[in-house]
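[1] kindly return the folded structure for what I paste below:
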Amino acid sequence: MKHFLLVISVILFYSCSKTTELTYFGGEVVNPKDHYVYLKFQDEIIDSAALDKDNRFLFELTDLAEGVYRFSHGIEFQYILLEKADSLMARLNTLEFDESIIFSGVGAEKNNFLIDMFLLEEDEGYLKRKFYQASPEAFIRKIDSMRDMKLEEYKELIQEADLSPLAQHITKAAIDIPYYTTREHYAAEHKFWMGLEEHPKLPEGFYSHHQDIDLNDESLAYYGVYLKYIDRHLDHLTRETCRKVCSTSGKMNAYHYSTHKLNLIDSLITLDKLRGFLLENTAITYFTYDHDKENNSRFMQQYLEATGGDTSPDLDRFYKAVTSLRKGEDFPALELFDSNGQKHLLDASWFDQKTVFYLWSSDQKMHAKKTLKHIEALKTKYPSYKFIGINLDTDHEQWKTTLQQMNVEDATQLRAPDMKYMTKHLAYLRFNRMLVVDQNGKVIEGFGNIYNLSPLEFSGGTSKVAKARGGI
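    Numbers count the residues shown, from 1 in each chain. Okay, the predicted model is just below:
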């Protein structure tokens, strides 16, 4: 890494004589999962950098648009703040991606602060679940105390580092916005944890932070914590609006709720890309929960009205996948690999036995062990079904190694080409997701859960992969 920084220093020295201002972002990836690192700005990939033989990468950015960027490697990503003339270096280990990130070079202080706040927020998750069970007054005292400690760190940062107004704004937001999000969560979480019928009565001023948030802050619009807050804030406004306008109380169905949220986004969010992101995110969340044909069609019509008739390829694929996995539809064709690397085309004609598909990944070892143990019990309870695991690993050899380590019968296992492929065909990926298909290739349940066994009510014969491979 020392030699790498020396190279950067030489580049910077050489570039000083040029009129074009250059910004650098580079580093080293330990245990790489891919050959590239990707850099996004305003939700668009602007560049990619190949890892060299020492697993190092470098971006050279001309006339940088200053702000929050997102870099990714494999399936992991993190946010960074880049300003002109920064020469930011990152070192990370994919085995503990977020926890291992260390920044050095020009721009390191603000970015180390951002990652520290991110990790603190993750660590506080357990405490917050406890706090949600407290009274509103006690809850406020507890989260205010945590925020005050972070604000002390922020004061030290701005005393020690020469931060621009933009950097001060974003680093402060890394404290404030998660704090506001926690407050937005309180009423619903308290109701859940305490088993209440209604939301708790909140003291006056509980939501006073609404006055401090700009719903169209361009400098934060693509920062994860801000997006999370805006989405949660809109959820809160949706419920409140619906209670006033529709005179409803309690739980709203997905269609009713999501159409209200579309209207709020349409009226409150003016930044085009942020507006588009929130509309699409609302649509995808809606289609995750409601698969009724008539509701889906009406919702899509309202969505198109809000977007001026525009949809993204991602949403089009998602909607198509939802449609193809409704009960009674032909199972959508999937190309999956067995442990020998042989490709299998699974379409409606492939099935001659009722089949259950479930998902797992080597990267989620605890979940994988729990799932595979549960599936073994289901095989005994429902012998007329064939149970096939679809693994989501991108690395074929890693998958094979995991099968051996966990002593899993590979004849009942297939691997997906990649996450994007599976999302395209199955709409969304939840590790407890279950798909049930009859012996004629018709979908029985396209959006099930392996712990909800109600769809498993038929009987049948033997699978074709088993015949081809002497297993399944």
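[2] gap between the closest residue to Tyr382 other than its chain neighbours and Lys381?
    Spatial nearest neighbour of Tyr382, excluding adjacent residues (CB to CB, 6 or more residues apart in numbering): Leu456 at 5.0 Å. In this view, the C-beta of every residue, glycine as well, is placed from N, C-alpha and C. Separation of Leu456 from Lys381 (CB to CB, to the nearest Å): 8 Å.
[3] who has more neighbours out of these two?
    Taking neighbours as other CB atoms under 10 Å, Leu456 and Lys381 compare with Leu456 leading, 19 against 10.
[4] spell out the secondary structure type for that one.
    Following DSSP: H, G, I helix; E, B strand; the rest coil, Leu456 is assigned to coil.
[5] that older thread, and the residue nearest to Tyr382, how far is that from Arg430?
    18 Å.
[6] and Ile102, by the same measure?
    Taken as CB to CB, the span from Ile102 to Arg430 is 33 Å.
[7] and for Thr401?
    Distance from Thr401 to Arg430, counting by CB to CB: 25 Å.
[8] just Asp144 next, same as before
    35 Å.
[9] do the same with Glu121
    The separation that Glu121 has from Arg430, given CB to CB, amounts to 23 Å.
[10] tell me how the protein divides into domains.
    For the chain, automatic domain parsing gives the domain ranges 2-106, 214-311, 334-469.
[11] please identify which of those domains is closest to Leu202.
    Leu202 sits nearest to domain 214-311 of all the domains of the chain, at 11.5 Å, using CB to CB.
[12] if I look at Gly461, what pLDDT would I see?
    pLDDT for Gly461: 40.
[13] low-scoring stretches of the chain, by residue?
    1-20, 247-251, 457-472 (pLDDT under 70).
[14] by residue count, tell me the biggest strand in it.
    strand 22-30 (DSSP state E).
[15] ok, then the element right after that strand?
    strand 36-41 (DSSP states H and E).
[16] got the CA coordinates for stretch 116-123 in PDB?
    Output in PDB follows, covering the C-alpha atoms of stretch 116-123 (Å, rounded to 0.1, in the frame of the first residue of the first chain):
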ATOM      1  CA  ASP A 116     -17.600   5.200  11.700                       C
ATOM      2  CA  MET A 117     -21.100   6.600  11.900                       C
ATOM      3  CA  PHE A 118     -22.400   3.900   9.700                       C
ATOM      4  CA  LEU A 119     -20.900   1.200  11.900                       C
ATOM      5  CA  LEU A 120     -22.100   2.800  15.100                       C
ATOM      6  CA  GLU A 121     -25.600   2.900  13.600                       C
ATOM      7  CA  GLU A 122     -25.400  -0.800  12.900                       C
ATOM      8  CA  ASP A 123     -24.100  -1.600  16.300                       C
END
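[17] any chance you could list what contacts that stretch?
    Residues outside stretch 116-123 that contact it (CB atoms under 8 Å, 6 or more residues apart in numbering) are 78-79, 98-99, 150, 153, 171, 174-175, 178, 225.
[18] before we move on, what about stretch 204-217?
    The contact list for stretch 204-217, computed with CB under 8 Å, 6+ apart, reads 136, 140, 176-177, 179-180, 183-184, 186, 226, 229-230, 233, 236, 268-271, 274.
[19] buried stuff in the lengthiest helix in the chain?
    Secondary structure of the chain per DSSP state H: the longest helix is helix 165-194. Under the neighbour-count criterion of 16 or more other CB atoms under 10 Å, helix 165-194 has 167, 170-184, 186-190 buried.
[20] can you pull out the strands in the stretch 201-350 of the chain?
    Along the stretch 201-350 of the chain, counting by DSSP state E, counting those that start in this stretch, strands occupy 334-337, 343-346.
[21] just put the ones you listed in CSV and tack on mean neighbour count and distance to Asn391.
    Converted to CSV, those look like this (neighbours: other CB atoms under 10 Å; distance: least, CB to CB, whole Å):
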stretch, mean neighbour count, distance to Asn391
strand 334-337, 18, 9
strand 343-346, 15, 13
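[22] got these as a markdown table, with distance to Tyr132 columns?
    Converted to a markdown table, these look like this (distance: least, CB to CB, whole Å):
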| stretch | distance to Tyr132 |
| --- | --- |
| strand 334-337 | 40 |
| strand 343-346 | 43 |
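[23] without its sequence neighbours, what residue ends up closest to Lys40?
    Arg70 (4.3 Å).
[24] my bad, Ala283
    Tyr303 (5.2 Å).
[25] burial count for the one you found?
    23.
[26] in stretch 307-325, what's buried?
    By 16+ other CB under 10 Å, the buried positions in stretch 307-325 come out as 307, 311, 315, 318-319, 321-325.
[27] so Val356 belongs to a helix, correct?
    No. According to three-state DSSP, the state of Val356 is strand, so it is not within a helix.
[28] mind listing what it touches?
    Shown in contact with Val356 (CB under 8 Å, 6+ apart): 378, 382, 385-388, 434-436, 456.
[29] just checking, which of the residues you listed belong to strands?
    Secondary structure defined by DSSP E assigns 386-388, 434-436 of those to strands.
[30] most surrounded residue in these?
    Most surrounded of the ones in strands among the contacts of Val356: other CB under 10 Å gives Lys386, at 25 neighbours.
[31] list phi and psi for Tyr222.
    Dihedral pair for Tyr222: phi -120, psi 20, per degrees, to the nearest 10.
[32] how much space separates it from Gln42?
    According to CB to CB, Tyr222 and Gln42 sit 5 Å apart.
[33] please apply the same query to Leu166.
    From Leu166 to Gln42 the distance is 15 Å (CB to CB).
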